[in-house]
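A.B. asks: sharing a model prediction with you, sequence too.
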Amino acid sequence: MKKLAIAMSLAAGLVLQPIAFAGTASVYGVTVSQYGANGPVKAARNSANNQEFIGCAVYGTIPAQSSYTTYVACSARDASGKSFYCATYGAAYQLVQAALAVSESSSIIINADSSYHCTYIYVANYSMNL
Amino acid sequence: MIKVTCAAVVALAIGGGLGWTLHSPDPIATPLAAAPRSAAPLVAATSVASGTAIDAGLLRSVVREELAAALANQHDGRTSVDSAAKIAPAASPELVAQRQEAMRDIESMVNGAEWGNEQRLGFQQRLALLAPDEAQRMLQQVVTELNQGAIRVTTDGPPL
């Protein structure tokens, strides 16, 4: 009797699970081109393949070691394993701000020039990306 | 009787209206009409200001220089490496030696053709030692070679 109750509870939990995650959700993954990439962070993390990722890093130095400066680097890889990397040394604060805005709810668009300097970082934080 | 009452009411209305109009300090006190009055001091102030001796040519050249500097700093979304270098402390002989060693290490990593977690960490640490122009050059080289596939990435995640 107790086993039946446990089994019924598990079944109910499985049935109700989709309801708990109701709402619009991103279904697309990471896309990589020659000088750009885009995609949602969490969908990349939860993708079935072991390839996809997308994100940005911000780096800063202190005067004792070098000088006040920073760089922004963004990286992405699509499901097929194609990668894109860009970095901008001494990045303008607009780029730094955009890179710092990336979170698990982010969908990111990254563009670079022909020398792979990050020139455009768009970060949209929406519930559908969670 | 009714006619008299009507005439009295009409006379009262006309008289009241005329009295109000003539007595009012601003007969057409609408926001549009009020605007010129409030703008008048500004016009006067501008006239006074324009009377002072400002060299238009000098002003234009200053603005031109400021705009050129701002545009140069924002080129490609980067700030000037030179401006960053200006606030850097003077490099001591020890720091110069450290920078040279860091450069050799990074070049060795790049030439190693494999970029793993060890290289990633080592690169970040050594980059902090470099002068801004050196750091920019090395970062550029690494990113270009990563994109071109000259360096094989074996990091657990992004290489930078």
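C.D. replies: Received, thanks. Numbers count the residues shown, from 1 in each chain, chains lettered A, B, ... in the order given.

A.B. asks: what about chain A, any weak spots by pLDDT?
C.D. replies: Counting by pLDDT under 70, the ranges of chain A that qualify are A:1-2, A:4-22, A:63-67.

A.B. asks: for chain B, what are the nearby residues on it?
C.D. replies: Within chain A, the positions lying close to chain B (CB under 8 Å from any CB of the partner chain) are A:53, A:55, A:57, A:59, A:61, A:63-69, A:71, A:73, A:75, A:83-92, A:94-95, A:113, A:115-120. C-betas here are computed from N, CA, C, even on glycine.

A.B. asks: strands - which of the residues you listed land there?
C.D. replies: The strands in this structure, assigned by DSSP state E, contain A:53, A:55, A:57, A:59, A:61, A:69, A:71, A:73, A:75, A:83-89, A:118-120 from the residues of chain A next to chain B.

A.B. asks: for chain B, see how far away the residue nearest the centre of chain A is.
C.D. replies: The C-alpha lying nearest the average C-alpha coordinate of chain A belongs to residue A:41 (CA atoms, centre = their mean; 2.3 Å). Separation of residue A:41 from chain B (CB to the nearest CB, to the nearest Å) stands at 12 Å.

A.B. asks: for the spatially closest residue to that residue that is not a sequence neighbour, what are phi and psi?
C.D. replies: Of all residues beyond its chain neighbours, the one nearest residue A:41 is residue A:106 (4.9 Å), with distances taken as CB to CB, 6 or more residues apart in numbering or on different chains. The phi and psi torsions at residue A:106 (degrees, to the nearest 10) take the values phi -90, psi 140.

A.B. asks: tally of neighbours for residue A:106?
C.D. replies: A count of nearby residues for residue A:106, using other CB atoms under 10 Å in any protein chain shown, gives 21.

A.B. asks: low-confidence regions, chain B specifically.
C.D. replies: Within chain B, the stretches falling below the threshold (pLDDT under 70) are B:1-89.

A.B. asks: residue B:156 falls within a strand, correct?
C.D. replies: No: secondary structure of residue B:156 (DSSP: H, G, I helix; E, B strand; the rest coil): coil, not part of a strand.

A.B. asks: how many other residues sit next to it?
C.D. replies: Counted with other CB under 10 Å, residue B:156 comes out at 7.

A.B. asks: quick check: bridge partners of residue A:118?
C.D. replies: residue A:112 (DSSP bridges).
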